[in-house]
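Chemist: no letters, just coordinates:
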């Protein structure tokens, strides 16, 4: 079975940043999945689950209310590995074009007094939130984005070449 594209990224070399994960053409529509990576996989502790849940609620609400972006947002949600989020947008933009909105969204977290939708009626597990830790992670990532705005490596996946032997075994160059 062929590896999916996100498993073909060298997770030992990826840094926090904003990356184009994949672009899909669905008939007349194009959707693009972006990897919003807050932590270096396999080298840093992952994001606390309750804080991740709070960031999901806060930033999804922010993006879906931003007048310039709300009509493009299809999905905002956590990665299973807890090192970042996936953002799916209608159309196709360069990863660099998301820098400003991500910086604003993560800065916005610090202004929030309560997690939106964190009630039994609105959330599948409303008791699993940690706003203070969410603010800490958001501040850390916003500072990183600001400090690295001119650094191309936060917008480009580290290159890997998948070498396939004659008998179908996969190897990576990293």
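Modeler: Everything's here; your move. This structure is a prediction, so every number in the text was calculated from the model and none was measured.

Chemist: ok, and what's touching stretch 129-137?
Modeler: Contacts with stretch 129-137, where a contact means Cβ atoms under 8 Å, 6 or more residues apart in numbering, come from 38, 47-48, 50-55, 57-58, 109-110, 112, 114-115, 118. Where you see a C-beta, it was placed from the backbone N, CA and C, and this is true even at glycine.

Chemist: residue 21 - that's part of a helix, no?
Modeler: No - if the criterion is DSSP: H, G, I helix; E, B strand; the rest coil, then residue 21 is strand and not within a helix.

Chemist: neighbours of it, how many?
Modeler: Neighbour count for residue 21, taken as other Cβ atoms under 10 Å: 19.

Chemist: returning to what we had before: drop anything exposed from the contacts of stretch 129-137.
Modeler: 38, 47-48, 50-55, 57-58, 109, 112, 115, 118 (16 or more other Cβ atoms under 10 Å).

Chemist: so which of these sit within helices?
Modeler: Residues from these lying in helices, with DSSP state H as the criterion: 50, 51, 52, 53, 54, 55, 57, 58.

Chemist: can I get those residues in TSV with pLDDT and distance to residue 15?
Modeler: Conversion of those to TSV gives the following (pLDDT from 0 to 100; distance: Cβ to Cβ, whole Å):
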residue	pLDDT	distance to residue 15
50	98	25
51	98	20
52	98	19
53	98	24
54	98	24
55	98	19
57	98	26
58	98	24
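
Chemist: check the residues you listed against residue 1 and report the nearest one.
Modeler: Set against residue 1, the nearest of these by Cβ to Cβ is residue 52 (28.9 Å).

Chemist: for that closest one, which residues are in contact?
Modeler: Under the criterion of Cβ under 8 Å, 6+ apart, the neighbours of residue 52 are 78, 82, 134.

Chemist: over to residue 48?
Modeler: By Cβ under 8 Å, 6+ apart, residue 48 lies in contact with 130, 133, 137.

Chemist: of all the contacts of residue 52, which comes closest to residue 98?
Modeler: Among the contacts of residue 52, residue 78 lies closest to residue 98 (Cβ to Cβ), at 17.1 Å.

Chemist: quick check: bridge partners of the closest one?
Modeler: With DSSP bridges applied, the residues forming beta bridges to residue 78 are residue 85.

Chemist: gap between it and residue 86?
Modeler: 8 Å (Cβ to Cβ, to the nearest Å).

Chemist: helices along this structure, start to end?
Modeler: Remark: helices of the chain, listed N- to C-terminal, are 49-63, 99-108, 131-147; assignment by DSSP H.

Chemist: thank you kindly, that will do.
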